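Novice: using only what follows, build the 3D model:
(2 chains)
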Amino acid sequence: MSVDVQAKVPLFEVRALTRVFGHGESAVHALRGIDLDLAEGEVVILLGPSGSGKSTLLNILGGLDVPTQGSVKFAGRNLQGMDERELTAYRRTWVGFIFQFYNLIPSLTARENIELVTDIAQSPLPVDEALAMVGLAHRGSHFPAQLSGGEQQRVAIARALAKRPRMLFCDEPTGALDLKTGVMTLEALMQANYKFGTTLMIVTHNADIARLGDRVIHFADGRIREIAHNPKRAQPADLHW
Amino acid sequence: MRPLTRKLFRDLWRMRAQSLAVVALLAIGVGLLVSSLGMKTSLADARDRYYLDKRLSDLQVHLVRAPLRLTDRIQALPGVQDVEARVAAPALLELPGITEQMTARLMSIDDAERTRVNRPWLVRGRWPDETGGRREVVLNEAFADAHALQPGDGLIATIRGGRERLEIVGIANSPEFVFVSPPGQLFPQPDRYALIWMPRRALEQAADLGGAFNDLVLRVSVDADIGLLKRALDDLLGGYGAQPAQGRDRIPSARFLDQELDQLATMATLIPPAFLAVAAFLLNVALTRLVEAERSNIGLLKAFGFRAWEVATGYLGMALVLVLLGLVTGAVLAEGLGQMMAKLYLTVYRLPDLPFATDLSAWAIAAGVASLAGAAGCVNAIRRVLRLSAAQALMPPPPPAFKHGWRGAEMFSRQFDALTRVVLRRIIGFPRRSLTTIFGVVCALSLLILARQFPIAIDQLLAITFEGTRRQDFSLTLIEAQGRDDWQALRRLPGVLEAEPFRTVPAVFRFRNREADEALVGLVKGASLERLVDYNGAPFAVRDDGLVITRGLATQLGATVGDRIEVAITRGHQVQLELPVLAVVTVAVGNNAYLDLDVLGEFLREPGRIGGVHVRIDPLYREAFHEAVRGTPGIAGVSDLARARDSLQRTFKEGAGVMTGIFVTFAVLMAVGIAFATSSVTLAEQRRDLATLQVLGFSRREVSYVLLAEIGALTLVALPLGVFLGHWFAMQFLQAMATDLFTFPARFESGAYATAAAIVLGAIIAAALLVRREVDAINLVESLKSRE
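Specialist: A predicted model of the protein is given here:
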């Protein structure tokens, strides 16, 4: 199933976005003027070599980092004008993150890691439903140290989905996983997109994963080099790497 | 410099805050330990040198009157080395502008420079010249200082009713009076009690003791059998109204000094270990944390071919450097504290000098204990380094393996929200660390409570002594016991509202094979001015069918209620009694046995005689009272209770004030160090989790809660525990500091304890908030992308 991009209202509008780390001679231009619109329900894959700027874009859109110049609008609201409190509320309500190293709280069980989010979200999923979505209904009482890497990543996905975010940012979600667990993880992500229409932005090195997206954005040297449209999204089960 | 050595110093610099805390605590522990041990040795050395140099007496005998020719026979007794047969007499003193009574003890000197026992030494001026017509005397330094008297000044003395002017020609001190307190008083009153040395002939004349002596002091040879000698002296002098021969332990000054030395030893054993233990804990936390953070470096070094012990040596080296820094800083601190204490002691104790010196054994102990703390602090880290294989170390550490705790803990933590659960699981998941944090806070609070308890105990002691026990305004002591008529005369002195007679006789108490030289005090039944009160303020009545004795005396004798103890009194004739102990009273001050006054008189075969009177006077008649006392012959001494209280308060508060200041400072440092270390570790270990929480949409406030709640919860557990343990510790400490003359009555003071807890809490909050500022600086992206 593909989404008709043109028909959608943009969820994000990115204009002339620049991000410079450091200054003077040692300044690193991570982003050099990005223009991009993201539609609601879209699956976007960011591809490119290390240091090409894809993670920086994801962090800025997710409210973890601020641009040096340019603007980001989320559902018509400017992100760069927000103070710390508003950014916290933005992250709490609208967006979710998946990282390469799961970032579960080690002292909380799988269920409790999800409860962290459901305690503060406005209309969260029931915890059991979130666990069931990632196929871990039976592992809820386990601590992260008692789960495999793939299971930990699926708990992280369940935690991100539990607040029903409109946008899910995934930075190398399968980077630390083998094919089988990686596929299970991606299935969980794609299911969120089918079921709730959650917009997905996935940063990856893995060109094969690009087949899952509606659009594939190629980054190089802080710029968008190319945007490719997939007429038909692949299923995670079709992937191999 | 080898690369590993350079790394060592860089690591130390990187952890400078924690290193500083470790060094500070080590230094304080070492400083307190070395200064109290050093002070003890310095004081003991100064005392011993002084006693030896100025020939302090080993035995003393007070008697009524014995002919001087007996001296040869005394000298011939086996074991006697030197004898001084002195004349001593009490006197009342007058100085212009001072209405209150001042008393003095006059002592005869022959050839001052050659005095064989208890040799006084001139501070300034000269020795008296007998050939001149004037009464020349030498005055003790403390009294001279108190009244700014100099050689050339004069004072009026009433000796045996005769009033005369004495010319001061010199100022001196004596080993007998390192600590100057009036007879029967436990506390120094340098401005109200003087020691006066006078040429023998002049004093014989004034005291009506021509060719006689009444105060015998002697030094014995090293191999002398003191017990045998005492009996020989008692036999020889019994007929001359001699009291039993007494050893050094009955010289009030010597006794006091011995007790001070015991207290210094107590201090050295009880306080410094707490600091060293907490320093060990901090070092442990800092190094273990460093090893954790340095995993990959350790792996790298091992992969490069460094041997495990070479890598471990680096961490051992860090501990060593910190211990060395602690020792050096501690040395500076010890020197400063020692000098300060020595100065303080010299204001109370009249010693020729008191050079503060630390001895090798104190350093050996300090170095040993500090190294032990250092070793305890790094053993955990070293073990980890040795165990870590290169491959293991190069991989990221596994997530801390939390497990489900026991059911109760799980049920408990389920009551809370997820953030609180994170905090609780850490506390329960790292029990050793949590317990050490609690221990540190408890230590800090205990120290503060101890510091607060000093003044409380002193106030209690003063209150019980002066509001419970000694409620008279003045106590008049008579030269010799007097009968009814004199008693009537005394109670009719101007201004006297209430008067109560008493009698104190020195006695030897024996029970089984133990012996104690103390006083037997006769009080009237239903006395209201001088009462027997225990240290809780409960009064005890004297009885006529037995003795009430103080706890100190009971301990000395090993006797308890129901035991019959032997009492030997020598008042011209020997009186031997066997009396039951009816009660043992824990008093705040003093060490006596008490009996009904009339019964005591019958035992002494002197019914109706009294040794002195306690009076309460109308303040309006104060001057008239003093005037009349001066004109009454037969009064040996007058003690002014209000002055005694002031003087006692000053003595204690000076010492306690310094101690309190030191303890409060150190306790706050300890609390800050603990809180800082604990929160730093929490932050370092949870940096990633705290970043995750922010990404999930928790505000900085909520995230800070996770950081602060841990130290907060541990503090909440530690504070009440610290109050009770601190109180218990203070009790033990005060009990250890108690001597046979003083019991420090400690009391649970909720107000003072709450203040102490608040101070510790404040220090912890300040340190924790300092660490909390780091939460604002957490770089979310960096923290989340890194593996550790």
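Novice: and residue 197, how many neighbours?
Specialist: Assuming you mean chain A. 13 (other Cβ atoms under 10 Å in any protein chain shown). Where C-beta positions appear, they are placed from N, C-alpha and C, glycine not excepted.
Novice: hmm, no, I was thinking of chain B.
Specialist: Counted with other Cβ under 10 Å, B:Trp197 comes out at 25.
Novice: can you tell me the SS state at it?
Specialist: strand (DSSP: H, G, I helix; E, B strand; the rest coil).
Novice: list the beta-bridge partners for B:Val521.
Specialist: The partner list for B:Val521 in beta bridges (DSSP bridges) reads B:Thr504, B:Tyr594.
Novice: number of nearby residues for it?
Specialist: 23.
Novice: what's the closest non-adjacent residue to the residue of chain B found nearest chain A?
Specialist: At 2.6 Å from chain A, B:Gly697 is the closest residue in chain B, using Cβ to the nearest Cβ. Nearest non-adjacent residue to B:Gly697, counting by Cβ to Cβ, 6 or more residues apart in numbering or on different chains: A:Arg92, 2.6 Å away.
Novice: on that earlier part again, what sits against the residue of chain B closest to chain A?
Specialist: By Cβ atoms under 8 Å, 6 or more residues apart in numbering or on different chains, the contact list for B:Gly697 reads A:88-89, A:91-93, A:117, A:120, A:163.
Novice: what about the nearest residue in space to B:Val567 that is not next to it in sequence, how many residues nearby?
Specialist: Nearest non-adjacent residue to B:Val567, counting by Cβ to Cβ, 6+ apart: B:Leu577, 4.4 Å away. Neighbourhood size, B:Leu577 [other Cβ under 10 Å]: 17.
Novice: please give the element, helix or strand, for B:Leu577.
Specialist: Assessed by DSSP states H and E, B:Leu577 sits inside strand B:573-585.
Novice: give me the mean pLDDT for that strand.
Specialist: In this model, strand B:573-585 has an average pLDDT of 87.
Novice: can you show me the CA trace of stretch B:34-47 as CSV?
Specialist: Provided in CSV are the C-alpha atoms of stretch B:34-47 (Å, rounded to 0.1, in the frame of the first residue of the first chain):
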residue,chain,number,x,y,z
VAL,B,34,47.6,12.8,65.1
SER,B,35,46.8,16.0,66.9
SER,B,36,45.0,14.2,69.8
LEU,B,37,47.6,11.5,70.0
GLY,B,38,50.4,14.1,69.7
MET,B,39,48.7,16.3,72.3
LYS,B,40,48.4,13.5,74.7
THR,B,41,52.1,12.6,74.3
SER,B,42,53.1,16.3,74.4
LEU,B,43,51.0,17.0,77.5
ALA,B,44,52.2,13.8,79.2
ASP,B,45,55.8,14.6,78.4
ALA,B,46,55.5,18.2,79.5
ARG,B,47,53.9,17.0,82.7
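Novice: in chain A, which residue sits closest to chain B?
Specialist: A:Arg92 (2.6 Å).
Novice: that residue touches B:Gln694, doesn't it?
Specialist: No. At 9.9 Å, A:Arg92 and B:Gln694 do not qualify as touching, with contact defined as Cβ atoms under 8 Å.
Novice: what about these two, which has more around it?
Specialist: B:Gln694 (24 against 21).
Novice: pull the distance from the helix or strand harbouring that one to the chain's centre.
Specialist: Using DSSP H and E, B:Gln694 maps to helix B:641-696. Taking Cα atoms, centre = their mean, to the nearest Å, one finds the center of helix B:641-696 at 22 Å from the center of the full chain.
Novice: list the contacts of the residue nearest to the spatial centre of chain B.
Specialist: The centroid of chain B falls nearest to B:Gln263 when counting by Cα atoms, centre = their mean (4.7 Å). Contacts for B:Gln263 (Cβ under 8 Å, 6+ apart) come out as B:737, B:739.
Novice: ok, it to B:Arg643 distance?
Specialist: 25 Å (Cβ to Cβ, to the nearest Å).
Novice: residues from chain A in reach of chain B?
Specialist: A:55, A:59, A:62, A:64-65, A:84-85, A:88-89, A:91-93, A:97, A:99-101, A:103-108, A:112-113, A:115-117, A:119-120, A:141, A:143-146, A:159, A:163, A:171 (Cβ under 8 Å from any Cβ of the partner chain).
Novice: mind checking which of those residues land in strands?
Specialist: A:97, A:171 (DSSP state E).
Novice: now the residues of chain A next to chain B: which count as buried?
Specialist: A:55, A:59, A:62, A:64-65, A:88, A:91-92, A:97, A:99-101, A:103-108, A:112-113, A:115-117, A:120, A:143-144, A:146, A:159, A:163, A:171 (16 or more other Cβ atoms under 10 Å in any protein chain shown).
Novice: beyond the strand or helix carrying B:Gln339, next helix or strand please.
Specialist: Per DSSP H and E, B:Gln339 falls inside helix B:308-348. Using DSSP H and E, the helix or strand that follows helix B:308-348 in sequence is helix B:360-387.
Novice: mean confidence score for that following helix?
Specialist: Mean predicted confidence for helix B:360-387 is 82.
Novice: buried ones in it?
Specialist: Residues of helix B:360-387 classed as buried under the neighbour-count rule (16+ other Cβ under 10 Å) are B:362-363, B:365-367, B:369-371, B:373-379, B:381-382, B:384-385.
Novice: for that helix, packing partners?
Specialist: helix B:16-53, helix B:272-293, helix B:308-348 (3 or more Cβ pairs under 8 Å, 6 or more residues apart in numbering or on different chains; DSSP states H and E).
Novice: tell me the centre residue of chain A?
Specialist: Chain A, centroid-nearest residue using Cα atoms, centre = their mean: A:Phe169 at 1.3 Å.
Novice: show me where chain A has its strands.
Specialist: According to DSSP E, the strands that chain A contains are A:10-21, A:28-39, A:43-47, A:69-74, A:77-78, A:95-98, A:167-171, A:199-204, A:215-220, A:223-229.
Novice: so which of the ones you listed comes closest to B:Ala754?
Specialist: With Cβ to Cβ as the measure, strand A:95-98 is the member of those nearest B:Ala754 (46.6 Å).
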